[in-house]
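1. return atomic coordinates for the entry below.
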Amino acid sequence: MERAEAQSAHRQTSLWKELTNSGIGHLLAARFLQVLSVLVCYPFLPSLTTDLFASRAAGQRLRCGDYPPGAVPSQCVEAHASVVAASASASLVSNCMVALFLTPLMGTASDLHGRKPYILMGFAASMPPFAAFLVVNAGLAPITLPYVLSAFFDGVSSFSVSQAYVADVVAPANRAWAFALMTAVISSSLFLGPALAGLVPDAQAALWVCLIGLGLTTTWVAAFLPESLSKEARAAEALRRLDEAAISAASMEESHTRCRCFALPGSLHALRHALRTPLFRHVAALTTLVTICGDALADVTNQTLLLRAQFTAKDQALFLMTYGFCGVAVQALMMRPLLSVTGERGAVMFGMCCFVAKLLIFSQAELTRGMAFAAAAVGTGAEVCFPALSALTANSVAPHEQGAAQGGLFAARSLAAGLAPLGWAWMFRECTREVRAPGVPGPQAVFWLAAALCASGAILAAALPRVKSRREEVVNGEAQGLQEPLLGEEETHTL
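-> Sure thing, here's the model as predicted:
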């Protein structure tokens, strides 16, 4: 017992040393400021975009919020559907085309060139869409410009490379909690962002605040974030790729009769190779389910709060703040004890059960404001899922494969985030029609299906392969690398 307590105290001390002696503190600070800057702007975007689409249809400047409920112009009513269609189209391109190819590519490239250039690229890519909104609001560009830029720049995400950065500098025993701290930063921004938005007078000022904040975060990363991947590791990776390329070329020369099939990009090649392993298939499937029932369902959840719980803008802000406050509590206070008791696999099961509880509340025939806030509080328990899944992946790959593995995980997440909203939107539209076909249920049916998917995710988490992770090896005093990397030695890092 005393030995276990001593090991726990040593791991906790080591984590704080890793956080203070590495660049993770700078990365967390930059991520906090980035998300906070965006959230200050978010409360103004729905009305701004509605006004812009309505103005384009009317041929003159309209402010739809100035009209009383019974006298809203038809252009304002139709503008809501235009906003949703433009946003969904941009999300489809961004997640299913740009991010699906680019995220694994950035991950594998960071194994060779280092993490910092790609993290910096992701921070810089967050600015163009908001700059475009400023230009459009001044009447200098068409309303479609921000969505076109979002379709391409939103897919340039640095989150997967940030996960690899953490894996580079944090010991395996502490990775899950370190990943949870990354998520806690976003939750704390959710709590503070809506409150700060109340201090901004209008959309134009909010856009300027957002751009200044994003510019500061990019400058912060460029100036203060140290590189996490050593020069020796990068040189070893370069040599390894040269050796693999030479072996591959020799093999092709010896086999003249072999059919030369279409060569996938190196990023997707690595992802395909990773999916051959049972652990990665399980983790990718769980990541997909978490995204389908979480981020992909966000728009339907917001509309449900308006339609069934009669939420106002103030209620929406309070809902976000509740989610952010409880999320910080879960990730900063609950995550570490949960991992000590259940491990990463148990944490994923716990998160899936919280997802089910939240969705079952939304699936009730009557949804009140109190029930909605209770669902937000319970649902934050699901925030432990992705850090635990990232830790399972990081602890099961060789050091030179962290970027490729995390990139593959985020590719699965991007694919689900791009496709699933289309299915949820179609189902929600059919269930909310004023005149529904016989047998078509109400809008709560969307959450019935989502709860069933999450329940299957909990079962899948219980069936995760039992693999001896790096965390267990360190606890047992065997600080040796895994004998066999997750992604395999062949075809993994060909760019």
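
2. report all helices and strands that the host helix or strand of residue 117 contacts.
-> Here residue 117 is covered by helix 116-124, with elements defined by DSSP states H and E. In terms of contacts (3 or more Cβ pairs under 8 Å, 6 or more residues apart in numbering; DSSP states H and E), helix 116-124 is packed against helix 24-41, helix 100-113, helix 159-169, helix 203-224. In short, each C-beta sits where N, CA and C put it, glycine included.

3. send the alpha carbons of that helix over as PDB?
-> Taking C-alpha atoms only, helix 116-124 is exported to PDB below (Å, rounded to 0.1, in the frame of the first residue of the first chain):
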ATOM      1  CA  LYS A 116       6.300  23.500 -34.000                       C
ATOM      2  CA  PRO A 117       5.900  24.400 -37.700                       C
ATOM      3  CA  TYR A 118       2.700  22.500 -38.000                       C
ATOM      4  CA  ILE A 119       1.200  23.800 -34.700                       C
ATOM      5  CA  LEU A 120       2.100  27.300 -35.900                       C
ATOM      6  CA  MET A 121       0.400  26.600 -39.200                       C
ATOM      7  CA  GLY A 122      -2.800  25.500 -37.500                       C
ATOM      8  CA  PHE A 123      -2.900  28.700 -35.300                       C
ATOM      9  CA  ALA A 124      -2.300  31.000 -38.300                       C
END
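
4. for whichever helix or strand comes after that helix, packing partners?
-> Counting by DSSP H and E, the element after helix 116-124 in chain order, helix or strand, is helix 128-137. The contact analysis (3+ Cβ pairs under 8 Å, 6+ apart) places helix 128-137 against helix 45-58, helix 144-153, helix 203-224.

5. let me have those in JSON lines, adding mean neighbour count, mean pLDDT and distance to residue 129 as columns.
-> Listed next are the helices and strands packed on helix 128-137 as JSON lines, based on neighbours: other Cβ atoms under 10 Å; pLDDT from 0 to 100; distance: least, Cβ to Cβ, whole Å:
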{"stretch": "helix 45-58", "mean neighbour count": "19", "mean pLDDT": "80", "distance to residue 129": "10"}
{"stretch": "helix 144-153", "mean neighbour count": "20", "mean pLDDT": "88", "distance to residue 129": "4"}
{"stretch": "helix 203-224", "mean neighbour count": "18", "mean pLDDT": "90", "distance to residue 129": "10"}
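
6. just send these back as TSV, with distance to residue 179 too.
-> Below are the helices and strands packed on helix 128-137 laid out as TSV (distance: least, Cβ to Cβ, whole Å):
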stretch	distance to residue 179
helix 45-58	29
helix 144-153	25
helix 203-224	19
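
7. looking at the ones you listed, which is closest to residue 123?
-> Of all those, helix 203-224 sits nearest to residue 123, with 4.5 Å by Cβ to Cβ.

8. ok, back up a step: which one of the helices and strands packed on helix 116-124 lies closest to residue 462?
-> So among the helices and strands packed on helix 116-124, helix 159-169 is nearest, using Cβ to Cβ, at 24.2 Å.

9. just the CA trace of the closest one, in CSV.
-> Output in CSV follows, covering the C-alpha atoms of helix 159-169 (Å, rounded to 0.1, in the frame of the first residue of the first chain):
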residue,chain,number,x,y,z
PHE,A,159,-4.9,19.6,-32.6
SER,A,160,-3.4,16.2,-33.7
VAL,A,161,0.1,17.6,-33.8
SER,A,162,-0.5,19.2,-30.3
GLN,A,163,-1.4,15.7,-29.0
ALA,A,164,1.9,14.4,-30.5
TYR,A,165,3.7,17.4,-28.8
VAL,A,166,2.3,16.3,-25.4
ALA,A,167,3.3,12.7,-26.1
ASP,A,168,6.8,13.8,-26.8
VAL,A,169,7.4,15.5,-23.4
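
10. packing partners of the helix or strand following it?
-> Toward the C-terminus, helix 159-169 is succeeded by helix 175-197 as the next helix or strand (DSSP H and E). Helix 175-197 is packed against helix 2-21, helix 24-41, helix 159-169, helix 313-329, helix 335-362, helix 385-394, with contacts defined by 3+ Cβ pairs under 8 Å, 6+ apart.

11. need the winner for burial among those helices.
-> Highest mean neighbour count among the helices and strands packed on helix 175-197 (mean count of other Cβ atoms under 10 Å): helix 385-394, with a mean of 28.

12. where does the stretch 51-200 of the chain have low pLDDT?
-> Along the stretch 51-200 of the chain, the parts satisfying pLDDT under 70 run over 65, 69-70, 72, 77-78, 80-81, 84.

13. quick one, grab the pLDDT at residue 424.
-> Here, the pLDDT recorded for residue 424 equals 80.

14. repeat that for the one 5 residues further on.
-> In the prediction, the pLDDT value recorded for residue 429 is 71.

15. pull up the gap between it and residue 218, please.
-> From residue 429 across to residue 218, the span is 39 Å (Cβ to Cβ, to the nearest Å).

16. over to residue 164?
-> 19 Å.

17. kindly report the same for residue 71.
-> Separation of residue 71 from residue 218 (Cβ to Cβ): 44 Å.

18. do residue 162 as well
-> Going from residue 162 to residue 218 by Cβ to Cβ gives 14 Å.

19. can you check residue 387 too?
-> In terms of Cβ to Cβ, residue 387 sits 25 Å off from residue 218.

20. surely residue 287 and residue 409 touch.
-> Yes. In this structure, residue 287 is within contact of residue 409 by Cβ atoms under 8 Å, at 5.7 Å.

21. identify the contacts common to these two.
-> Residues touching both residue 287 and residue 409 by Cβ atoms under 8 Å, 6 or more residues apart in numbering: residue 389.

22. look at those two and report which has more neighbours.
-> Of the pair residue 287 and residue 409, residue 409 is the one with more neighbours under other Cβ atoms under 10 Å, namely 29 against 25.

23. pretty sure the more buried one is touching residue 160, no?
-> Yes. Between residue 409 and residue 160 there is a contact at 6.9 Å, judged by Cβ under 8 Å.

24. contact partners for residue 388?
-> Applying Cβ under 8 Å, 6+ apart to residue 388 gives the contacts 176, 179, 339, 344, 345, 347, 348, 351.

25. skipping adjacent residues, who's closest to residue 321 in space?
-> Nearest residue to residue 321 in three dimensions, chain neighbours excluded: residue 191, at 5.1 Å (Cβ to Cβ, 6 or more residues apart in numbering).

26. so what's the one you found up against?
-> 320, 321, 324, 325, 327, 328.

27. and these, which is closest to residue 374?
-> Taking Cβ to Cβ as the measure, residue 374 sits nearest to residue 325 out of the contacts of residue 191, at 13.8 Å.

28. next, count neighbours for the residue lying closest to residue 335 once chain neighbours are set aside.
-> Sequence neighbours aside, residue 180 is the residue nearest to residue 335 in space, at 4.1 Å (criterion: Cβ to Cβ, 6+ apart). Here the count is done by other Cβ under 10 Å, and residue 180 has 27 residues near it.

29. how about residue 180, what does it touch?
-> Residue 180 is in contact with 331, 332, 335, 336, 383, 384, 387, counting by Cβ under 8 Å, 6+ apart.

30. of all the residues you listed, which two lie farthest apart?
-> So, the contacts of residue 180 by Cβ to Cβ: farthest apart are 336 and 383, at 13.8 Å.

31. in this structure residue 153 contacts residue 130, no?
-> No. Using Cβ under 8 Å, residue 153 makes no contact with residue 130, being 10.0 Å away.
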